[in-house]
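**Student:** When you get a sec, could you give me coordinates for this:
(one chain, ligands or ions: 1)
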Amino acid sequence: MKQYFATVARGLETLVAQELEQLGAHEVEPGFCGASFKGDRTLLYRVNLWARLPFRILVKLQEFPCLDTQDLYNGIQTIDWSEYLNPDSTLAVNATGKSDRLNHTHFTALQVKKAIVEQQQEQFGDRSNVETQDPDLRINVHIDRDVCTVSLDSSGNSLHRRGYRPVMGAAPLKESLAAALIQLSSWQPEQMFYDPLCGSGTLPLEASLKALNIAPGLFRERFGFETWLDFDLTLLEELIEAAKNSQKDALPAPIWGSDKDEKAIENAIANATSCGVLDRVWFSQMDLSEVVAPADSGVLFCNPPYGERLGRDSDLGAFYKLLGDVLKQRFKGWTAFVLSGNKELALCIGLKSSQRTAVFNGTLPCQLMKYDLY
Ligand SMILES: C[S@@+](CC[C@H](N)C(=O)[O-])C[C@H]1O[C@@H](n2cnc3c(N)ncnc32)[C@H](O)[C@@H]1O
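**Tutor:** As a prediction, the model looks like this:
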């Protein structure tokens, strides 16, 4: 079994550990901004195809003590890179973390690259070229407290970029964060789902992918591991086939999004089309002030503007009050989840939350507030 690490947004470590266990991972341990786990190649491909929360799945190659540049160079050279890389394949090195003497990630990455290509030169008289955008092999090096961990990035582009969202609005949620919020809420597909501030539709679309059991990786052009020397095309094709066969045709309960902005609704419709669920998800243009509950009960989700990326105007306080009034007066019997990155604005909602969960939206600390409306 190999050792893997799924990277995730801060605060979602326990949640991603649960997701990995459900996908069949062994020895799952939540860590900082991710979770480690063990498994075989089938698991690696399955997690890349099915996991909704992680950014990347790293395959650990080596861990060694590393105080300085020389230790780094020597440690990298103990790995036989010919197992992973031909001189005609391209590479990229991504470095994170630092120590006293290795405190520039760019320099660390350069040093790693130097150690690899010098080994190739010695072995083959030829070396790989660096290709930062779309390399055949992406190497991840992490320095933490004088220990260097070397991994291969099996995902390639971050998994949160599902590939179904060609158009985005002003402040879209990352798909993986939307999926995490839905997971945190314990929403079940049998409950109606409604986002009255849906923007480009990320929350309703992620809810529909979950409800229809559509693997989020099906929309990707390719995974990082597809250009590895040990790539097993038959295995990936089998997993993709199985994923397609396990999709459900119909939603058990309606999923709906609305927004006041015509362009946002056009984007949401384009995104729903691109992930093949337009015939099952509803999007309509509507101002929050006109919104009424489309059923007696259900789960309402939204991430209202909070001034960080969308206009910092004083009207936002009134807008949050309106949101609170709409929830209180028109959504009795529902449960609402509101993501906010601004505590003062959140107070303007004027409702007592029954639960608050800290999450990060990028680098912005936010809270997912739960309101039981009765
Ligand atoms: C932070 S964005 C939501 C982003 C969305 N979750 C996504 O992933 O694309 C907030 C949304 O609220 C919408 N909005 C602002 N004021 C509104 C109002 N009065 N009625 C309805 N929608 C409104 C904006 O058009 C914007 O799309």
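**Student:** What distance do you get for the residue of the stretch 101-250 of the chain found nearest the ligand to Cys302?
**Tutor:** Using CB to the nearest ligand atom, Gly199 is the residue of the stretch 101-250 of the chain that sits closest to the ligand, at 2.7 Å. No exception for glycine: its C-beta is placed from N, CA and C like everyone else's. Shown here: Gly199 relative to Cys302, a distance of 9 Å by CB to CB, to the nearest Å.
**Student:** for Ala295, same thing?
**Tutor:** 17 Å.
**Student:** can you check Phe37 too?
**Tutor:** For Phe37, the distance to Cys302 - CB to CB - is 33 Å.
**Student:** now Ser82
**Tutor:** 52 Å.
**Student:** Pull up the residues of the stretch 101-250 of the chain that are close to the ligand.
**Tutor:** Contact residues (CB under 6 Å from any ligand atom) of the stretch 101-250 of the chain with the ligand: 169, 171-173, 197-200, 202-203.
**Student:** Tell me if the lowest-mean-pLDDT helix or strand in the chain is near the ligand.
**Tutor:** Least confident helix or strand, the chain: helix 343-347 with a mean of 91, by mean pLDDT, DSSP states H and E. No. Helix 343-347 does not reach the ligand (CB under 6 Å from any ligand atom); its nearest approach is 12.1 Å.
**Student:** Okay, buried residues for that helix please.
**Tutor:** 345-346 (16 or more other CB atoms under 10 Å).
**Student:** neighbouring contacts of that helix?
**Tutor:** 304, 306-307, 316-317, 320, 338, 340, 367, 369 (CB atoms under 8 Å, 6 or more residues apart in numbering).
**Student:** Filter the residues you listed down to the ones in helices?
**Tutor:** Residues from those lying in helices, with DSSP state H as the criterion: 316-317, 320.
**Student:** pLDDT value on Gly125, please?
**Tutor:** As predicted, Gly125 sits at a pLDDT of 97.
**Student:** go on, Asn213?
**Tutor:** The predicted local confidence for Asn213 is 98.
**Student:** residues touching it, list them.
**Tutor:** 246-248.
**Student:** and Phe360, how far is that from Phe37?
**Tutor:** 22 Å.
**Student:** again with Leu184
**Tutor:** 20 Å.
**Student:** who has more neighbours, these two?
**Tutor:** Phe37 (27 against 18; other CB atoms under 10 Å).
**Student:** before we move on, what SS does that one have?
**Tutor:** strand (DSSP: H, G, I helix; E, B strand; the rest coil).
**Student:** Beta-bridge partners for it, please?
**Tutor:** Tyr4 (DSSP bridges).
**Student:** my read: it touches Val16, true?
**Tutor:** No. The criterion here is CB atoms under 8 Å, and Phe37 misses it with Val16 at 9.6 Å.
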